[in-house]
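In: Return a 3D structure for these sequence lines:
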Amino acid sequence: MAKNTGLAGLAAAILLCLPAGPALAATGIDGASMGVLWALPFAGMLLSIALGPILFPHFWELNYGKFATFWAALVLIPLVALRGFEPALGALAHTALLEYIPFIILLFALFTIAGGILIMGNLHGNPATNTALLAIGTLMASFVGTTGASIIMIRPVLRANDSRRHNVHVVVFFIFLVSNIGGSLTPLGDPPLFLGFLRGVSFFWTTTHLLPETLLAVAILLALFYALDSWFYRREEGMPPLKDPTPDRDIKLYGKVNFILLGGVIAAILMSASWKPGIVFDILGSKVELQNVVRDIVLLALAALSLKLTPNPVRAGNEFTWGPIKEVAKLFAGIFVCIIPVLAMLQAGRDGAFSGLVSLVTNPDGSHNTVAYFWLTGILSSFLDNAPTYLVFFELAGGNPQVLMTTGALTLAAVSAGAVFMGANTYIGNAPNFMVYAIAKDRKVKMPSFFGYMAWSGAILIPIFILQTVIFFR
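Out: Take a look at the predicted model:
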């Protein structure tokens with residue numbers, strides 16, 4: 001009871017600090033009437049993810065779901081009190097039905113299916129082998145998605161390096177390349193590009209328009225990784241060897257049926273984008289289209305087939321557990337709720353609390369400032385999940401796909417690259433990041449903290465993004 005009283009008291013204190021707004025329709029929240037303090041729960045959610053594992057790791061492992069619930073409540077309680085029950089319920093339904101649930105279903109399907117693909121045997125994690133594995137995962141990402149490629153490749157990469165004294169950098173570069181930048185060439189690669197595809201961007205537009213930017217980033221990162229891994233490898237040569245828990249042996253592939261199921265996932269996504277029956281279900285003001293319902297049902301069915309058709313020893317050999325997906329699901333539930341007012345304020349444009357951001361992306365003559373589009377999309381994608389951030393700047397740039405693919409091609413490329421590339425800047429910028437972190441941590445890799453990872457990304461990725469800015473987006 002005391003815990004509930006404390007929550008109510010804190011919520012009441014925040015309510016007193018927040019500006020009141022007019023009553024709204026049940027279909028949404030007016031971001032124009034919101035003050036910046038509405039973003040505090042989201043900031044608290046991020047700080048909890050950043051500091052919890054550092055300051056109280058054991059307590060965090062047992063209670064991260066309660067942290068997500070707490071911060072989400074500090075958004076929902078003010079929304080109900082100041083905006084009314086129906087608008088708050090409408091905003092929550094919109095987030096749940098159109099964003100969070102499809103997001104988690106896709107993630108769950110890919111996690112389940114890819115978790116049934118077992119690569120037995122083990123390669124020796126020397127610099128050449130590690131670089132080749134990262135290159136293969138990077139190439140896969142644009143065809144099976146960054147999540148699918150991450151799940152398929154992360155365990156072989158971890159096994160190859162489990163006898164290395166220095167292996168943290170391998171996972172960090174894996175997140176850079178496989179979990180993010182590698183997914184930039186098709187709408188199947190990363191959720192922001194898929195959202196653009198649903199808005200009318202041609203399937204192969206990103207393939208042609210982001211290829212130079214992607215090749216430059218991948219080439220630099222692979223070369224830098226090879227040099228860094230070679231340096232660590234040479235340092236270990238004079239040390240007593242560690243016991244290898246997975247000795248080198250021939251590679252064998254099990255769970256091949258799951259490759260067919262992954263093809264089914266891709267087909268279901270393409271179906272939802274191309275099949276338009278015109279049947280829409282109105283649920284609490286949210287327009288849920290039939291093709292998307294069918295897609296999600298198919299994805300769940302494919303995951304169920306994977307569980308049924310994959311022999312238990314295959315998953316056991318893959319050390320498959322539900323822990324990582326549970327952690328991602330709970331934390332991203334909190335993130336998606338806490339992001340509601342933040343996105344509303346961003347969507348309000350010049351009339352919102354973040355109107356200064358709008359002026360930054362516009363030149364004095366009214367044209368698009370492509371450098372600002374690249375960096376602002378990227379910076380916000382680093383913390384606000386890159387898919388909805390992409391949509392905000394897509395709309396801010398006019399929202400007309402035919403214009404953006406032609407006369408506005410540089411702006412669309414800047415938004416697309418910023419969303420996909422800079423999702424690698426933090427653990428929460430893109431869904432696979434945190435999943436790879438959780439899997440690696442579960443395999444006893446001493447992963448950097450939230451801010452420790454940002455030190456890696458800041459030192460390595462930011463100079464690359466600056467170079468891309470000078471070459472491509474000025």
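
In: number of nearby residues for residue 269?
Out: 20 (other C-beta atoms under 10 Å). Bear in mind the C-beta positions are built from the backbone N, C-alpha and C, glycine included.

In: And for residue 276?
Out: 10.

In: ok, now the one 5 residues further on?
Out: Neighbour count of residue 281, defined by other C-beta under 10 Å: 12.

In: Go ahead and confirm it touches residue 288.
Out: Yes. Assessed by C-beta atoms under 8 Å, residue 281 is found in contact with residue 288 at 4.6 Å.

In: Tell me which other helices or strands the lengthiest helix in the chain touches.
Out: Once the chain is assigned using DSSP state H, the helix that runs over the most residues is helix 127-160. Applying 3 or more C-beta pairs under 8 Å, 6 or more residues apart in numbering; DSSP states H and E, one finds that helix 127-160 contacts helix 101-114, strand 118-122, helix 168-177, helix 211-237, helix 257-274, helix 431-442.

In: mind running it again at 7 Å?
Out: With contacts taken as 3 or more C-beta pairs under 7 Å, 6 or more residues apart in numbering; DSSP states H and E, helix 127-160 sits against helix 101-114, strand 118-122, helix 168-177, helix 211-237, helix 431-442.

In: residues in contact with the third one?
Out: Right, helix 168-177. 130, 134, 137-138, 154, 157, 161, 218, 221, 225, 228-229, 232, 424, 433, 436, 440, 445-448, 453, 456, 461 (C-beta atoms under 7 Å, 6 or more residues apart in numbering).

In: hmm, back to that, quick one: distance of the longest helix of the chain to the chain centre.
Out: 17 Å (C-alpha atoms, centre = their mean, to the nearest Å).

In: Name the residues of that helix that come out as buried.
Out: 127, 130-131, 133-138, 140-160 (16 or more other C-beta atoms under 10 Å).

In: could you flag which of the contacts of helix 168-177 are buried?
Out: The buried subset of the contacts of helix 168-177 - by 16+ other C-beta under 10 Å - is 130, 134, 137-138, 154, 157, 161, 218, 221, 225, 228-229, 232, 424, 433, 436, 440, 445, 447-448, 453, 456, 461.

In: Below-threshold pLDDT in the stretch 201-350 of the chain: ranges please.
Out: Confidence mapping of the stretch 201-350 of the chain against pLDDT under 70 gives the ranges 239-249, 349.

In: One more pass at 80, please.
Out: 203, 236-251, 273, 317-319, 324, 328, 343, 346-350 (pLDDT under 80).

In: circling back to that earlier point, average pLDDT for the longest helix of the chain, rounded please.
Out: The average pLDDT for helix 127-160 rounds to 88.

In: Kindly report the same for stretch 60-79.
Out: 91.

In: go on, stretch 172-180?
Out: Rounded mean pLDDT across stretch 172-180 is 95.

In: Would you mark the buried spots in it?
Out: Buried residues in stretch 172-180 (16+ other C-beta under 10 Å): 172-180.

In: May I have that stretch as PDB, with CA atoms only?
Out: C-alpha atoms of stretch 172-180 as PDB (Å, rounded to 0.1, in the frame of the first residue of the first chain):
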ATOM      1  CA  VAL A 172      30.200  -3.800 -30.400                       C
ATOM      2  CA  PHE A 173      31.200  -3.900 -34.000                       C
ATOM      3  CA  PHE A 174      28.500  -6.600 -34.600                       C
ATOM      4  CA  ILE A 175      25.900  -4.200 -33.300                       C
ATOM      5  CA  PHE A 176      27.300  -1.400 -35.500                       C
ATOM      6  CA  LEU A 177      27.300  -3.500 -38.700                       C
ATOM      7  CA  VAL A 178      24.900  -6.400 -38.500                       C
ATOM      8  CA  SER A 179      22.200  -4.900 -36.200                       C
ATOM      9  CA  ASN A 180      22.100  -1.600 -37.900                       C
END
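
In: Can you tell me which of the helices and strands packed on helix 127-160 is nearest to residue 387?
Out: Of all these, it is helix 101-114 that lies closest to residue 387, at 7.6 Å by C-beta to C-beta.

In: Please identify the buried residues of that closest one?
Out: 102-114.

In: from the residues you listed, which two are the most distant?
Out: 102 and 114 (18.1 Å).

In: Quick check: phi and psi at residue 30.
Out: Per-residue torsions, residue 30: phi -80, psi 100 (degrees, to the nearest 10).

In: tally of neighbours for residue 227?
Out: 11.

In: Can you classify residue 251 as helix, strand or coil?
Out: strand (DSSP: H, G, I helix; E, B strand; the rest coil).

In: what about it, neighbour count?
Out: Neighbour tally, residue 251, other C-beta under 10 Å: 11.

In: what would the buried residues of helix 101-114 look like in a markdown table with distance to residue 377?
Out: Shown next, in a markdown table, are those (distance: C-beta to C-beta, whole Å):
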| residue | distance to residue 377 |
| --- | --- |
| 102 | 22 |
| 103 | 19 |
| 104 | 24 |
| 105 | 26 |
| 106 | 22 |
| 107 | 22 |
| 108 | 27 |
| 109 | 27 |
| 110 | 24 |
| 111 | 27 |
| 112 | 31 |
| 113 | 30 |
| 114 | 28 |
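
In: Export those residues to CSV and append columns for pLDDT and distance to residue 214.
Out: Below are these laid out as CSV (pLDDT from 0 to 100; distance: C-beta to C-beta, whole Å):
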residue, pLDDT, distance to residue 214
102, 85, 26
103, 79, 24
104, 85, 27
105, 88, 28
106, 81, 22
107, 78, 23
108, 88, 28
109, 87, 26
110, 81, 21
111, 82, 25
112, 89, 29
113, 89, 26
114, 80, 22
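
In: Show me which of these is closest to residue 362.
Out: Nearest to residue 362 among those, with distances taken as C-beta to C-beta, is residue 103, at 30.7 Å.

In: any idea how far the closest one is from residue 163?
Out: 36 Å (C-beta to C-beta, to the nearest Å).
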